[in-house]
Structures are given as C-alpha cells and as structure tokens.
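Asker: Here's my sequence, what's the structure:
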Amino acid sequence: MLVLLPPSETKSDGGDGDPLDLGALSFAELTPVRLRLTEALRTLADDVPASLRALDLSERQVEEVERNAELFTSPTRPALERYTGVLYDALGAEKFTRTQRARAGRRLAVASALFGVVRAEDPIPAYRLSGASVLPGIGGLRAVWRADLEKTLSTVDELVVDLRSGAYAALADVPHAVTVRVVTEGEGGRRKSVSHFNKAAKGRLAAALALAPREPGTVRTVVSAARAAGLRLEPVGKRELELVIDS
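Answerer: Presented below is the predicted three-dimensional model:
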C-alpha cells in the first residue's frame, strides 16, 4: 500500500543529513524534472522581489526565499520530519517506535510541488514552492509534472490511498487510487465535506494505515485498519471512501 499525503507550506528548519542529492530520492525517473525545478527555484531566489511575487509571499516571509537560495547546500532530513503542521501533528511520527517508523517508511509518501512525490524517509531540504505556483520561465506546475508524475504513479503496483489536497491532486491523476473525503453527518444522514478538521482527520487516518500490523492491500482492509484505530471510514463507491468525523 502507498498512502499519498499532501505536503505542507510550513517545514521544519535544519537537519543532520547531507545536502540534497536528487539521485538519492525515490522514483529516480523523476530526476530530470526535479533538477529542472530545483535549479529554476534556486536561480529565482537571486531576485528576491521576483521570488516573493512568484511564490505569493509577503516581505515578512523573505526567509522562505533564503531557504530556496540554499537548496543545494542546506542540510536535509527525512520528508516525514521536514513537513509540519496540523496533518503531520496528527500523524505523530515523532512518537513512532523503530518498527513503526519502518512501516511508515514503506507505506507513506508525500506529494511535492518541487520533487513530485517522495517517500517518507527521503532526505530533503527545507524549501518553499506550492502546487499552485507559477514560476518565471517555467509556468504552471501541472504542465511540468503531469506526464512524468502520472506515468510514475500509474506504475505503483500496490493499493494507492490518495489523501492529497486539490492543488497537488491536480499535478497528476491516479485513476486506480482510492480517494478519501472527510465529511460530517447531519440530520437525516446528510453528509457534507469539511475543511477545518480535514487535515487532522487525514493525519489520524494516515497514522492508522501506517501502523496497522498487517499492511492493508484492499479497500476492505483499509476500512478495517481505520476502524481498529477508532475511525469511521466507509466505502461510498468502488474507489471512494468517506471519513466521517464529529461536527
């Protein structure tokens, strides 16, 4: 099973890994696109005002541009530790045992505007680039990533559980993936999508799937793993699931 997580705009500082080595990342066939984007982003960082505009940042966020300027020299850390925020807090990887961390490393991957997709233990630097960014001389990232990333994800020979957010799902379609919608249930059983608790709910689901003693390989076993963790996950179609949370 491969669980595709969304990234986060916020990322932890520092790390104790060697500087970025694109050849050390999973899905090596994506290296040419990764190289094109990392070089473009690092070059753009030489022009701070242009970087702020392209990345939709304020002048108070100039440190994000500085991160991009150091893409090839700053230390790295595993992707699972690099991304931060509500989803990753709920995932709670810092509490995993060594055995649990190994399971998570095999089962979890993170969508990335810069790297396409990386596995949980892939060493990456801090950076700033979102799925909706438009880079000078490059353009929108969907056109950059779509063909290569869709080819890569289509060859994943295991169940794919897609938890990506809209901007990252737009970078590549995964027709064979199982998608998850976070919903609340009101009177009469009527359900509606939620945004406020969406990330935390997906983080808890990702943890349940990453830590399940037996690796889920079907929709049925994904549902069972979620229920064993106290989550209400229900199939609503052949490849669609709804995670029902309290309003």
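
Asker: only C-alpha atoms for contact and neighbour calcs from this point on.
Answerer: Will do.

Asker: Strand partners (parallel or antiparallel) of the one helix or strand in the chain whose mean pLDDT sits lowest?
Answerer: Lowest on mean pLDDT, DSSP states H and E among the helices and strands of the chain sits strand 191-193, with a mean of 91. Neighbouring strands of strand 191-193 in its sheet, by DSSP bridges, are strand 178-185 (antiparallel).

Asker: Over the partner strand, what's the mean pLDDT, rounded is fine.
Answerer: What strand 178-185 shows for mean pLDDT is 95.

Asker: can you list contacts of the helix or strand harbouring A167?
Answerer: Under the criterion of DSSP states H and E, A167 resides in helix 166-169. For helix 166-169, the external contacting residues (Cα atoms under 8 Å, 6 or more residues apart in numbering) are P6, A111, S112, A113, G131, A132.

Asker: Would you list the phi and psi of the last one?
Answerer: Listed backbone geometry of A132 is phi -90, psi 0, with angles given as degrees, to the nearest 10.

Asker: change the start of the numbering to 851 and stick with it
Answerer: Happy to do that; since the first residue is 851 now, the last one works out to A982.

Asker: wait, what's in contact with L870?
Answerer: Counting by Cα under 8 Å, 6+ apart, the residues that L870 touches are L921, F922, T923, S924, P925, T926, P973, I974, P975.

Asker: about what we covered before: can you give me the buried ones in the helix holding A1017?
Answerer: A1017, Y1018, A1019 (16 or more other Cα atoms under 10 Å).

Asker: likewise stretch 993-1002?
Answerer: Quick answer for stretch 993-1002 (16+ other Cα under 10 Å): V994, W995, R996, D998, L999, E1000, K1001, T1002.

Asker: Kindly report the same for stretch 1015-1030.
Answerer: 1015, 1017-1024, 1027-1030.

Asker: then that stretch to CSV, C-alphas only?
Answerer: Output of stretch 1015-1030 as CSV, limited to C-alpha atoms (Å, rounded to 0.1, in the frame of the first residue of the first chain):
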residue,chain,number,x,y,z
SER,A,1015,-5.3,18.2,-1.4
GLY,A,1016,-6.7,19.8,-4.5
ALA,A,1017,-3.6,21.7,-5.7
TYR,A,1018,-1.5,18.5,-5.5
ALA,A,1019,-4.1,16.1,-6.9
ALA,A,1020,-4.2,18.4,-9.9
LEU,A,1021,-0.5,17.8,-10.7
ALA,A,1022,-1.2,14.2,-11.6
ASP,A,1023,-4.2,11.9,-11.9
VAL,A,1024,-4.1,8.5,-10.3
PRO,A,1025,-7.1,6.7,-11.8
HIS,A,1026,-6.5,3.5,-9.9
ALA,A,1027,-6.2,5.2,-6.5
VAL,A,1028,-8.7,5.1,-3.7
THR,A,1029,-9.7,8.6,-2.7
VAL,A,1030,-10.9,9.8,0.8
